[in-house]
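**Student:** here's a sequence, model it:
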Amino acid sequence: MKKYEQFDISGDVGLMIRGKNLEELFENAAEGMFELITSTPEIKETEKREVIISSENMENLLVQWLNELVFLFDTYGFTGKISSVGFQDKTLKASISGGIFNPEVNESRLLIKAATYHNLSLKKTRSHWEATVIFDI
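**Tutor:** Residues are numbered from 1 along each chain as shown. All right, here's what the predicted structure looks like:
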């Protein structure tokens, strides 16, 4: 099972994300999104960030999670490499290891503006969880 697959959609980009549980799906979503932005193996792991967000449902939580990561990248240049996600009720608590994107050293791929609600889906199959997220670029 692939963790995520990229697909193009009229001027935007999407990810089909999979995980054996919701925690892994959210971790794979972060990894996939950062791979859209740059080659994450080239990012030096120098920092850790903590994220805590709450929402009324998991679909909203997924979009808020990804948009929080977009904010960290846009504001600080922080690029995550490894995420550890946990849930308590409708609250996500995550620790992200990564580093600062340097455009002189790191490959620039896509400039992601936001994760959107357009065609958003999150569902459990028999063996795993799947989500589809479209990013505004």
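
**Student:** going by C-alpha atoms from here, please, whenever you check contacts or count neighbours.
**Tutor:** Will do.

**Student:** can you show me the helices along the chain?
**Tutor:** Using DSSP state H, the helices found in the chain span residues 22-37, 58-76.

**Student:** any idea of the angle the longest one forms with helix 22-37?
**Tutor:** Here the directions of helix 58-76 and helix 22-37 differ by 40 degrees (axes from the mean of the first three to the mean of the last three C-alpha atoms, to 10 degrees).

**Student:** returning to that earlier point: just name the most buried of the helices of the chain.
**Tutor:** By mean neighbour count, with neighbours taken as mean count of other C-alpha atoms under 10 Å, helix 22-37 ranks first of those at a mean of 22.

**Student:** for the helices of the chain, which one sits closest to residue 87?
**Tutor:** helix 22-37 (7.5 Å; C-alpha to C-alpha).

**Student:** determine the set of other helices and strands touching the closest one.
**Tutor:** Judged by 3 or more C-alpha pairs under 8 Å, 6 or more residues apart in numbering; DSSP states H and E, helix 22-37 is in contact with strand 4-9, strand 12-19, helix 58-76, strand 78-88, strand 129-136.

**Student:** before we move on, back to that, the helices of the chain into a markdown table, with extra columns for mean pLDDT and distance to residue 12?
**Tutor:** Output for those, formatted as a markdown table (pLDDT from 0 to 100; distance: least, C-alpha to C-alpha, whole Å):
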| stretch | mean pLDDT | distance to residue 12 |
| --- | --- | --- |
| helix 22-37 | 98 | 12 |
| helix 58-76 | 98 | 15 |
